[in-house]
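Undergrad: pasting a predicted model and its sequence here:
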Amino acid sequence: MPKNCFRTSSRRMRHARSHTDTRRTIMTEGQGRVPSIVRDELPLAGRRLLLVPGQTRTSEEVLRASATSFESWSEVERADTECRDGLTPLFGTEQAGIVVVPGAASLGMEVAVVAASPPGAVVLVLVHGPQGDHIAYVVSRRGRVADILRAQEGGSVDPKLLRARLIETRPSAIVVSHVDADSGIVAPIDDYAAVAREVAPETLLVVDGTWAASCMLQRMDDWHADIVFTDSASTLGGCSGLMLAAVSSRVSMRKVRHDAAASLYIELARWSSPTGAEVPPSLVFALRAALRRIYAEGLSARFARCDGVARGFQEEAAAHGFRVVAPPGHEAATLTALRPPAGVDVQELHAALERHGVDVGMGSAGLIVAHTGDTSPNDLQRFWHAVEALHLQT
């Protein structure tokens, strides 16, 4: 890293730092000392810190479960049924059916778009960051018309604009990410759902819950949503390879075979029951173990813990001169996009952290740090330890 990478970035960090034998303290200009969450212990030798969205470490318990042996396929189906039962509360539904589709996390959006809209239909995409633009790209590639409505500077789409657009275009579906994976902005789904129910009740509501499910409350039934989906790994802690969705009866009655460009593989009806589903057993057993860990902690306790970890990390970011991309009130409990202090090149910082054994994501908004599920305050201490170490080197 160039020596001047941090030199011009934050005089607060350079001139307002004191050290003790056991703890560091950071002081910002015009403030008293702010206790840092960073301890002086060094990270475990040879063990990288994985904070990249979608690439965090899988627990040993889940990995062992993925190697579960079985005598008959009925054991797999029973495990699959337990998983579907466990997913229902995570999505916040008592009415929807659960589908489990083998495939990458990115498959979820394609499946949802095909299921919720016919070819040539208008799909309204509510954009809260770069991920929203990717959703619009998927919609267009599947032969639909992507109508984009962007969130304003405060972090949400103006309800009046949403109301007017729905009346004007009468879209087949609305698609929105609960948490944008690049900006870390939480969309106010409650507000959007209320407008949709009022002016366009026939329009299907699709919510990408990939970066919210199991760490943030999902309220599918209250939203009157038609599809809420996630994957087995991002926030649930299972092994990668399953797309998971809660599907309303309105979607279940639709068919996609009239879509010549749609593979039968992604027809939801094929994956709506454990019986006869060709879901890899190792992924089913891993997901069951992950869900059991979630319920052993308790959903309310898990939501509170994830929120507390996120708030602590975001407060520490401000103390280090970083800026959280998400506007106040729209920060996620699962990941945070950070802009470094002025004068710090984000790509150089990303590369330097990697050399120090800390892997984080990179997006157009800045660094992206995942703090989902099992990520602990100690893990995030190591992130700030690495940031401070880089500063001290310069």
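TA: Thanks, I have it.
Undergrad: which strand or helix spans Thr336?
TA: Using DSSP states H and E, Thr336 sits within strand 335-339.
Undergrad: and the closest residue in space to Ile368 that isn't next to it in sequence, its phi and psi?
TA: Distances taken as C-beta to C-beta, 6 or more residues apart in numbering put Gly361 closest to Ile368, at 3.4 Å, once the chain neighbours are dropped. (C-beta placed from N, C-alpha, C; glycine too.) Dihedral pair for Gly361: phi -80, psi 160, per degrees, to the nearest 10.
Undergrad: and Asp147, by the same measure?
TA: Backbone torsions of Asp147, given as degrees, to the nearest 10, read phi -100, psi 120.
Undergrad: any idea how far it lies from Ser177?
TA: Taking C-beta to C-beta, to the nearest Å as the measure, Asp147 falls 16 Å from Ser177.
Undergrad: same drill for those two, tell me which one is more crowded.
TA: Per other C-beta atoms under 10 Å, whichever of Asp147 and Ser177 has more neighbours is Ser177, with 29 against 17.
Undergrad: next, the buried residues of the lengthiest helix in the chain.
TA: Secondary structure of the chain per DSSP state H: the longest helix is helix 299-319. Neighbour counts over helix 299-319 (16 or more other C-beta atoms under 10 Å) mark 302-303, 305-307, 309-310, 313-314, 316-317, 319 as buried.
Undergrad: dump these into JSON lines; add pLDDT as well.
TA: Listed next are the buried residues of helix 299-319 as JSON lines, based on pLDDT from 0 to 100:
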{"residue": "Arg302", "pLDDT": "96"}
{"residue": "Phe303", "pLDDT": "96"}
{"residue": "Arg305", "pLDDT": "96"}
{"residue": "Cys306", "pLDDT": "96"}
{"residue": "Asp307", "pLDDT": "96"}
{"residue": "Val309", "pLDDT": "96"}
{"residue": "Ala310", "pLDDT": "97"}
{"residue": "Phe313", "pLDDT": "97"}
{"residue": "Gln314", "pLDDT": "97"}
{"residue": "Glu316", "pLDDT": "96"}
{"residue": "Ala317", "pLDDT": "96"}
{"residue": "Ala319", "pLDDT": "95"}
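Undergrad: give me the contacts around the longest helix of the chain.
TA: Helix 299-319 is contacted from outside by 26, 28, 34, 36-37, 89-90, 214-217, 294, 297, 323-324, 331-334, 336, 338, 369, 371-373, 375-377, 380, 384, using C-beta atoms under 8 Å, 6 or more residues apart in numbering.
Undergrad: which of those residues are buried?
TA: 26, 28, 36-37, 90, 214-216, 294, 324, 331-334, 336, 338, 369, 371-373, 375, 380, 384.
Undergrad: restricted to helices, list those.
TA: 90, 294, 380, 384.
Undergrad: which among these gets closest to Ser117?
TA: Leu90 (25.1 Å; C-beta to C-beta).
Undergrad: check contacts around the closest one.
TA: Residues in contact with Leu90, defined by C-beta under 8 Å, 6+ apart, are 213-214, 218, 230, 236, 294, 299.
Undergrad: could I get these as JSON lines with pLDDT and distance to Pro274?
TA: Listed next are the contacts of Leu90 as JSON lines, based on pLDDT from 0 to 100; distance: C-beta to C-beta, whole Å:
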{"residue": "Ala213", "pLDDT": "97", "distance to Pro274": "20"}
{"residue": "Ser214", "pLDDT": "96", "distance to Pro274": "20"}
{"residue": "Gln218", "pLDDT": "97", "distance to Pro274": "22"}
{"residue": "Thr230", "pLDDT": "97", "distance to Pro274": "18"}
{"residue": "Leu236", "pLDDT": "97", "distance to Pro274": "18"}
{"residue": "Ile294", "pLDDT": "97", "distance to Pro274": "20"}
{"residue": "Leu299", "pLDDT": "96", "distance to Pro274": "23"}
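Undergrad: just the ones of those in strands?
TA: Among the contacts of Leu90, the residues falling in strands (DSSP state E) are Thr230.
Undergrad: okay, the contacts of Leu90 in JSON lines with distance to Leu287 next?
TA: Shown next, in JSON lines, are these (distance: C-beta to C-beta, whole Å):
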{"residue": "Ala213", "distance to Leu287": "12"}
{"residue": "Ser214", "distance to Leu287": "11"}
{"residue": "Gln218", "distance to Leu287": "17"}
{"residue": "Thr230", "distance to Leu287": "11"}
{"residue": "Leu236", "distance to Leu287": "7"}
{"residue": "Ile294", "distance to Leu287": "10"}
{"residue": "Leu299", "distance to Leu287": "16"}
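Undergrad: go through the contacts of Leu90 and say which is closest to Gln347.
TA: After measuring these against Gln347 - C-beta to C-beta - the closest member comes out as Thr230, at 29.9 Å.
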